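Enquirer: Based on what follows, work out the 3D shape:
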Amino acid sequence: MPMNEDAMRSLEWTATLDDAVDALQTSEVPLLIRDEAGEILGWIGDREVRRAYLAGLAGTTPVASCMDAHPPTAKDVASAERLLSASSWLPGVLVEGDPPTFCTPESAGLPVSLVKEAVLMVGGRGTRLLPLTKETPKPLLPVRGRPILEHILRHLVSEGIETVHLALGYLASQIEEFVGDGSKFGIRVSYLREDVPLGTAGAIGLLPEGEPGPLLVMNGDILTDISLRAMAAWHGAESSALTVAARPHQHQIPYGVFRLFDARVVSLEEKPVASFWVNAGIYLMRRTLAERIPKGRYLDMTTFIQGLVQEGESVCVFPLRESWCDIGLPEDYDRVNREDG
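Expert: Numbers count the residues shown, from 1 in each chain. Alright, predicted model coming up:
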């Protein structure tokens with residue numbers, strides 16, 4: 001059965017993006033956007049909020065400018081379930097009626113998680129964290145009393161991941177001893193052994209044959225509560241060969257910056273802040289792409305992605321809204337322990 005009207009709340013069209021973000025924190029489904037007469041204009045959910053962030057829209061932007069004005073809609077539950085079966089990336093379907101209801105993949109008996117398999121890159125030497133990593137691999141450094149790797153594995157399990165391949169290198173035996181077959185975490189674990197360093201993508205070429213479906217690849221020093229379901233839905237909706245999680249990063253230029261027309265000054269801005277979307281080290285890719293990576297050959301993910309773009313493959317970014325911390329430097333490690341201690 002579809003979710004009831006109480007679960008599908010509404011916002012007036014004059015509300016802001018910030019209002020929608022606040023309301024979505026306590027709603028598992030999109031919010032209906034209504035006009036003054038109460039008529040439905042569209043909806044806003046996780047996907048629409050991420051698109052707004054990607055476009056650089058401010059939190060004060062009217063929600064009517066961010067909503068999906070043509071959400072997937074069906075006249076009855078049976079039609080909604082057929083739509084969901086045909087499009088695994090849909091978050092749900094609006095079922096017409098008074099009141100309208102919301103049909104989800106769960107209510108249609110469809111799989112909740114679209115990502116079942118992951119590769120974690122845990123073979124790096126962690127030289128920037130010396131002397132902490134002199135005798136301990138970085139993924140086993142403790143945060144909040146548990147190794148970084150345990151935090152990652154437990155989050156992946158909570159997101160529906162069933163199989164993890166750990167790409168090993170530096171101090172591999174310690175990681176194998178800690179993780180074992182993965183049963184204590186509720187997950188199947190296998191190991192990809194790098195006899196020589198293979199870069200941030202080379203170990204993917206060591207994967208055995210597997211089931212078709214999206215493959216998650218993630219750096220083994222990242223703490224995040226990323227929604228893999230949302231990322232998989234984005235990946236599917238964009239028909240992407242590879243989707244990269246990205247996060248906003250700002251950098252203040254410490255000088256006045258000119259905008260020029262030939263030699264003439266058009267404007268001068270003092271110490272502007274430049275904004276970029278940067279690689280967050282989390283990737284979702286078609287499983288078949290692993291076959292393109294030569295076995296045992298060094299390859300960085302940046303080179304791999306650039307090659308896909310040059311070949312005309314669709315590569316997209318997934319804008320992160322969730323918490324994210326890359327434990328690359330001593331100050332990062334100290335900060336995450338202070339914040340969560």
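Enquirer: Could you use CA atoms for every contact and neighbour count after this?
Expert: Fine.
Enquirer: ok, and the helix or strand in this protein with the lowest average confidence?
Expert: helix 330-340 (a mean of 83; mean pLDDT, DSSP states H and E).
Enquirer: how about that helix: buried residues?
Expert: Y333, V336 (16 or more other CA atoms under 10 Å).
Enquirer: can you check stretch 117-136 too?
Expert: 117-126, 129, 133, 136.
Enquirer: ok, now which ones touch the residue nearest to D332 when sequence neighbours are not counted?
Expert: Sequence neighbours aside, D326 is the residue nearest to D332 in space, at 7.2 Å (criterion: CA to CA, 6 or more residues apart in numbering). Applying CA atoms under 8 Å, 6 or more residues apart in numbering to D326 gives the contacts D221, I222, L223, D332.
Enquirer: Would you mind listing the buried residues in stretch 24-31?
Expert: L24, V29, P30, L31.
Enquirer: and P142, how many neighbours?
Expert: 15 (other CA atoms under 10 Å).
Enquirer: need the contact list for it.
Expert: I148.
Enquirer: Mind pulling up the pLDDT for it?
Expert: Predicted confidence (pLDDT) for P142: 93.
Enquirer: ok, back up a step: if I look at the residue nearest to D332, how far off is P105?
Expert: 33 Å (CA to CA, to the nearest Å).
Enquirer: and the least confident helix or strand of the chain, what does it pack onto?
Expert: Contact partners of helix 330-340 among helices and strands, from 3 or more CA pairs under 8 Å, 6 or more residues apart in numbering; DSSP states H and E: strand 324-326.
Enquirer: Tell me the strands beside the strand it packs on, with direction?
Expert: When pairing is defined by DSSP bridges, strand 324-326 lines up against strand 222-224 (antiparallel).
Enquirer: Next, the residues that contact the partner strand from outside, please.
Expert: I148, H151, I152, G281, E322, S323, W324, C325, D326, I327.
Enquirer: Give the next helix or strand downstream of it.
Expert: Counting by DSSP states H and E, the element after strand 222-224 in chain order, helix or strand, is helix 228-237.
Enquirer: so the helix or strand that comes right after that following helix versus helix 228-237, what angle?
Expert: Per DSSP H and E, the first helix or strand lying C-terminal to helix 228-237 is strand 242-252. Strand 242-252 and helix 228-237 meet at an angle of 110 degrees, taking axes from the mean of the first three to the mean of the last three CA atoms, to 10 degrees as the criterion.
Enquirer: what mean pLDDT does the next helix or strand along the chain from strand 242-252 have?
Expert: Next helix or strand after strand 242-252 toward the C-terminus (DSSP H and E): strand 256-261. If you average the pLDDT over strand 256-261, you get 94.
Enquirer: For strand 256-261, which residues meet the burial criterion?
Expert: Per 16+ other CA under 10 Å, strand 256-261 contains no buried residues.
Enquirer: And it, what does it pack against?
Expert: Using 3+ CA pairs under 8 Å, 6+ apart, strand 256-261 sits against strand 264-270.
Enquirer: strands paired with the strand it packs on, and their directions?
Expert: strand 256-261 (antiparallel).
Enquirer: Flag the shaky bits of the stretch 201-341 of the chain, pLDDT-wise.
Expert: Filtered on pLDDT under 70, the stretch 201-341 of the chain yields the residue ranges 340-341.
Enquirer: repeat that for 90
Expert: For the stretch 201-341 of the chain, the stretches with pLDDT under 90 are 208-213, 250, 274-275, 294-296, 328-341.
Enquirer: Would you map the strands across the stretch 101-250 of the chain?
Expert: 101-103, 117-121, 142-143, 146-147, 163-168, 188-193, 214-219, 222-224, 242-252 (DSSP state E, counting those that start in this stretch).
Enquirer: In CSV: those, plus distance to L206.
Expert: Shown next, in CSV, are the strands of the stretch 101-250 of the chain (distance: least, CA to CA, whole Å):
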stretch, distance to L206
strand 101-103, 40
strand 117-121, 11
strand 142-143, 29
strand 146-147, 25
strand 163-168, 9
strand 188-193, 6
strand 214-219, 13
strand 222-224, 22
strand 242-252, 18
